[in-house]
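# What follows is a predicted structure for the sequence shown.
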Amino acid sequence: VVFLNKADQVDDEELLELVELEVQELLENYDFPGDEIPFVSGSALLALQAVEGGPKAKGDDKWVDRIFDLMESVDNYIPAPERDTEKTFLMAVEDVFSITGRGTVATGRIERGILKIGDTIEIVGLKDTQTTTVTGIEMFQKTLDEGMAGDNVGILIRGVQKTDIERGMVLAQPGTISPHKKFEAEVYVLGKDEGGRHTPFFTGY
């Protein structure tokens, strides 16, 4: 979805159409379907100024209407991602902090599965695996009964100190994942003529 901003500064509608055609051509050069992609022109600044005095309904202001049109295009054209809720719960820990009087919170994006308050989970990786219970789930400062794949959440966990958990660990359904210190892999490294490394790898790199 393409939003052509600062349309308020253009008096000639034909100029906007010309810009749209140029952007379509640019998109097609990169294998995007330029003639199928929705285009909306508007002014983000004037729309923002219009709503500063209070919420506006559709039809109250033409620039606000363009933002409504933009979001409708996003809803209609961009498919909602499929959430992998059928598999067991897994979330990589991105950050950890403490809430006075409540406990330790681990934040991150749930990769798969569903997590509910009261569920037992394991903290896996870097240190010995620990088992704990979920006592709270929050997303954007709202308390939830459950979180699911795709949600960015904060998970309040019982009996775990902030020093016991860190970025790089994962939270998982008990018994579904185990940590490993070594693995075998095959890697293809781009050479100089491919836009990659100009110097070789040495032992211990």
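Thanks, I have it.
# Determine the longest strand present in the protein.
Assignment by DSSP state E gives strand 127-139 as the longest strand of the chain.
# Run the chain-centre distance for that one.
22 Å (C-alpha atoms, centre = their mean, to the nearest Å).
# quick one: strands adjacent to that strand?
Note on strand 127-139: by DSSP bridges, its sheet partners are strand 120-125 (antiparallel), strand 142-144 (antiparallel), strand 152-157 (antiparallel).
# Show me what the helix or strand containing residue 96 is packed against.
Per DSSP states H and E: residue 96 is located in strand 95-99. Judged by 3 or more C-beta pairs under 8 Å, 6 or more residues apart in numbering; DSSP states H and E, strand 95-99 is in contact with strand 103-112. All C-beta atoms are positioned from the backbone trio N, CA, C, and that covers glycine.
# Next up, the contacts around the closest residue to residue 103 other than its chain neighbours.
In this structure, residue 103 finds its nearest non-sequential neighbour in residue 156, 5.7 Å apart by C-beta to C-beta, 6 or more residues apart in numbering. By C-beta atoms under 8 Å, 6 or more residues apart in numbering, residue 156 lies in contact with 99, 102, 103, 104, 105, 134, 135, 136, 137, 138.
# tell me the contacts of the first one?
In this case it means residue 99. Residue 99 makes contact with 105, 156 under the criterion C-beta under 8 Å, 6+ apart.
# what bridges to it?
residue 103.
# okay but residue 63 is in contact with residue 41, surely?
No. Applying C-beta atoms under 8 Å, one finds residue 63 not in contact with residue 41, separated by 10.3 Å.
# what is the rounded mean pLDDT of the helix or strand hosting residue 27?
Here residue 27 sits within helix 13-29, counting by DSSP H and E. For helix 13-29, the mean pLDDT works out to 91.
# I would like the residues contacting stretch 192-205, please.
Residues from elsewhere that reach stretch 192-205 (C-beta under 8 Å, 6+ apart): 189, 190, 191.
# Show the pLDDT at the first one.
In this case it means residue 189. According to the prediction, residue 189 has pLDDT 87.
# try residue 167
Residue 167 is given a pLDDT of 93.
# quick one: contacts for it?
Counted by C-beta under 8 Å, 6+ apart, residue 167 has contacts 93, 94, 95, 96.
# What are the phi and psi values at the first one?
Backbone torsions of residue 93, given as degrees, to the nearest 10, read phi -80, psi 120.
# Report the residue ranges of every domain in this protein.
Recorded structural domains for the chain (assignment: automatic domain parsing) are 2-77, 82-205.
# Of the strands paired with strand 127-139, give the one that comes closest to residue 3.
Closest approach to residue 3 among those (C-beta to C-beta): strand 152-157, 24.3 Å.
# Contacts only, for residue 86.
Counting by C-beta under 8 Å, 6+ apart, residue 86 makes contact with residue 113.
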